[in-house]
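Chemist: quick one: sequence and predicted model below, then my questions.
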Amino acid sequence: MVPAPLGKTPTKKMPKIEVLGLEDSPGTRAAIRFFRERRVVVTFRDLRKRPIDQADLREFADGLGSAAFTDPVVVAGGDLLARVRADLSLLRLPLVRHGRELTAGQDETAWKAWLARRNR
């Protein structure tokens, strides 16, 4: 059963969820589907159309450390933003943000915990 369409504006009870990924990525599609099935409005940003900016990249790198990257060596040295923009495969997608909480890759356990706290 497909959930009813959602409006674009989150209600007071809906958490603000932002998904950064690639439109054709199975993991990104799974993350969006996970939240849509639970009737949560998701803000999606395709990193090919609108690349990740320095502040977002730094937030994920600081918050998750090497877990945000497929290769832990990526975090050390050099211009991180330039390397990631040149090769999106360095990121573990999707990157999902809920307030100050962050995940990299498919992490349904964390996403369920976010929604469970919302329902209390």
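Modeler: Received the coordinates, thanks.
Chemist: when you work out contacts or count neighbours from here on, use the C-alpha atoms and nothing else.
Modeler: Noted.
Chemist: shaky segments in the protein?
Modeler: By pLDDT under 70, the low-scoring segments of the chain are 1-14, 72-78, 119-120.
Chemist: mind doing that once more with 80?
Modeler: Applying pLDDT under 80 to the chain flags residues 1-15, 66-67, 70-81, 118-120.
Chemist: how far away is the residue most central in space within the chain from residue 105?
Modeler: Geometric centre of the chain, nearest residue: residue 96, 2.0 Å, by C-alpha atoms, centre = their mean. Distance of residue 96 to residue 105, computed by C-alpha to C-alpha, to the nearest Å: 8 Å.
Chemist: now the residue nearest to the centre of the chain: closest residue in space that isn't a chain neighbour?
Modeler: Residue nearest to residue 96 in three dimensions, not counting chain neighbours: residue 19, with 4.6 Å by C-alpha to C-alpha, 6 or more residues apart in numbering.
Chemist: neighbours of that neighbour, just the number please.
Modeler: Using other C-alpha atoms under 10 Å, residue 19 has 22 other residues around it.
Chemist: surely it is within a strand?
Modeler: Yes - per DSSP: H, G, I helix; E, B strand; the rest coil, residue 19 lies within a strand segment.
Chemist: identify the bridge partners of it.
Modeler: residue 44, residue 96 (DSSP bridges).
Chemist: now for it: which residues touch it?
Modeler: By C-alpha atoms under 8 Å, 6 or more residues apart in numbering, residue 19 lies in contact with 28, 31, 32, 42, 43, 44, 45, 94, 95, 96, 97.
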